[in-house]
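*Asks:* coordinates only, no sequence provided:
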């Protein structure tokens, strides 16, 4: 069974940056689309960004476009989310996810991480 583990969350001031990492284990995810979701208190989990298996294409929610960058290293079985110009509304638990079918990435990924907290203070 595959497993995804996030790291890199923390507390940062508005305007600051954080870099989240997702380490995959138990199987290779090089043929999987991968992505990030987040869930703020009292809100539903929402899509943040995704990247194709090859890393050739990436997709972003409008709310993070231009501020966040998703990347992956298939040789290391890892994925990262570079978050710049963070705002208080970015505060949430961030989840790593993987989908065998890129068409299902946004709705029903096959694997989820346990999440990492990101808190942005004003």
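*Replies:* Received, thanks. Owing to the predicted nature of the structure, the values given are computational and were not obtained by experimental measurement. Numbers count the residues shown, from 1 in each chain.
*Asks:* for the nearest residue to residue 67 once chain neighbours are set aside, give me its contacts.
*Replies:* With sequence-adjacent residues excluded and distances taken as C-beta to C-beta, 6 or more residues apart in numbering, residue 67 is closest to residue 85, at 4.7 Å. C-beta coordinates here come from the backbone N, C-alpha and C atoms, glycine included. Applying C-beta atoms under 8 Å, 6 or more residues apart in numbering to residue 85 gives the contacts 15, 17, 67.
*Asks:* nearest residue to the middle of this protein?
*Replies:* In the chain, the C-alpha nearest the mean C-alpha coordinate belongs to residue 36, at 2.4 Å (C-alpha atoms, centre = their mean).
*Asks:* now that residue: how far from residue 113?
*Replies:* 9 Å (C-beta to C-beta, to the nearest Å).
*Asks:* what sits in contact with each of those two?
*Replies:* 22, 95, 96, 97.
*Asks:* redo the residues you listed as CSV? Include pLDDT.
*Replies:* As requested, the shared contacts of residue 36 and residue 113 are exported to CSV (pLDDT from 0 to 100):
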residue, pLDDT
22, 98
95, 98
96, 98
97, 97
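*Asks:* which ones among these lie within strands?
*Replies:* 22, 95, 96, 97 (DSSP state E).
*Asks:* please report the distance of the last one from residue 77.
*Replies:* From residue 97 over to residue 77 the distance is 15 Å, taken as C-beta to C-beta.
*Asks:* the more surrounded of the two?
*Replies:* residue 97 (25 against 18; other C-beta atoms under 10 Å).
*Asks:* re the thing from before, out of the contacts of residue 85, which sit inside helices?
*Replies:* Among the contacts of residue 85, no member is found in helices (DSSP state H).
*Asks:* ok, and the most crowded of these?
*Replies:* Of these, with other C-beta under 10 Å as the count, residue 67 tops at 15 neighbours.
*Asks:* just the pLDDT at it, thanks.
*Replies:* Listed pLDDT for residue 67 reads 98.
*Asks:* against residue 87, how distant is it?
*Replies:* 8 Å.
*Asks:* helices of this protein, start to end?
*Replies:* Under DSSP H, the chain gives no helices.
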